[in-house]
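can't give you the sequence, but here's the structure:
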Ligand code: MRU
């Protein structure tokens, strides 16, 4: 799970996408084989693969799978085009909040319109190449973002993180955890506090797994312990990832992020968001317009197959919340750090380089 990726989030082999089934972690390391694009859409929807950049990469490979399916069925060029349009629509619907999914599909659709008229074999090869590029670029961007963010991590820091914004959520290395990794690689001594992140426990299952895997000192806490640690002066900074960042700098991330940012402001603790540009959605003026996914009540009612609550109780389970830009000290990206993010600064970031 280092940059060299001993444990890959996903890999392609012989017209098949193998995805590390994150629902089974930390107990079992198993790869889910997807040979049809609806299987990829299902794996995203059911969260076998999760994390904003990772679902974008999976969707891109889903389009390549769709093209190879069309090829196997002997589709001609117009049939292939219609089949790929259907695949893009189905993949797009699999999860609504993380913009990386739409971003990756738009990039492949752009490639398709720039290369319209190619024979099906070349279309399939071209889509696969584009998906592989998206995967490799994500890893490279996370490494850059990590270096940019590490400058904000003082030696000896205690860092609080929420959910999993690590190698497993991305093409490798991670965003928020990429910053942690880069700080450690620079020789800094850090300690990570991990929110367990109910209901699906991405912190306990995945972030803890990554930290153990790389020997980075870490402590797991329940979500409701975070405020107490801040009050005790045990947290020096908070680092989270993002699922979608609106043009004004509002950030959608895992449910519970907003509460952390409010508490951080009260305790004067710097609150940082680490995300690649593929997570910034300049088409949305503010976080108000971000669609927040609601998950099934079962995820709250059961844990490891065990019922936690009496039958008949109502459940509300939004998967994400929106943190207003005003609570964010900086957004860390591969192109640099944007302090006190706002629309003007984010537009300038895209214009850079
Ligand atoms: O529901 P998930 O597990 O897909 O949610 C993931 C998060 O909220 C992450 O913090 C976010 O995608 C950033 S991943 C680099």
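It's in. Note that the structure is predicted; figures quoted are calculated from it, not measured.

Now for residue 283: which residues touch it?
In this structure, residue 283 makes contact with residue 247, judged by C-beta atoms under 8 Å, 6 or more residues apart in numbering. Every residue, glycine included, has its C-beta placed from N, CA and C.

The same query, at a cut-off of 10 Å, please.
99, 102, 246, 247, 289 (C-beta atoms under 10 Å, 6 or more residues apart in numbering).

try residue 98
44, 50-56, 169, 241-244, 252-253, 278-279, 281, 293, 319-320.

Which of the contacts of residue 283 fall in strands?
residue 246 (DSSP state E).

re earlier: just the buried ones among the contacts of residue 98, please.
Among the contacts of residue 98, those classed as buried by 16 or more other C-beta atoms under 10 Å are 44, 50-56, 169, 241-244, 252-253, 278-279, 281, 319-320.

quick one: which helix or strand includes residue 118?
For residue 118, there is no enclosing helix or strand under DSSP states H and E.

I'd guessed it sits against residue 126; true?
Yes - the pair residue 118 / residue 126 is scored as a contact, 6.7 Å apart, by C-beta atoms under 10 Å.

Common neighbours of those two, please.
residue 112.

which one of the two has more residues nearby?
residue 126 (18 against 15; other C-beta atoms under 10 Å).

my read is that one is in a helix, agree?
Yes - under DSSP: H, G, I helix; E, B strand; the rest coil, residue 126 sits within a helix.

Next one: the closest residue in space to residue 203 that isn't next to it in sequence, what pLDDT does it get?
Using C-beta to C-beta, 6 or more residues apart in numbering and skipping residues adjacent in sequence, the residue nearest residue 203 is residue 197, 3.8 Å away. We note a pLDDT of 98 for residue 197 in this prediction.

what do you get for residue 5?
The model's pLDDT for residue 5 equals 47.

With residue 304 instead?
pLDDT, residue 304: 86.

give me every residue that touches residue 273.
Counted by C-beta under 10 Å, 6+ apart, residue 273 has contacts 149, 165, 175-176, 238-242, 245, 249, 251, 253, 257, 261, 279, 323, 325, 327-333, 338, 341.

and residue 197, that's in a strand?
No - using three-state DSSP, the assignment for residue 197 is coil, not a strand.

Test my guess that it contacts residue 169.
No - judged on C-beta under 10 Å, residue 197 makes no contact with residue 169 at a distance of 11.8 Å.
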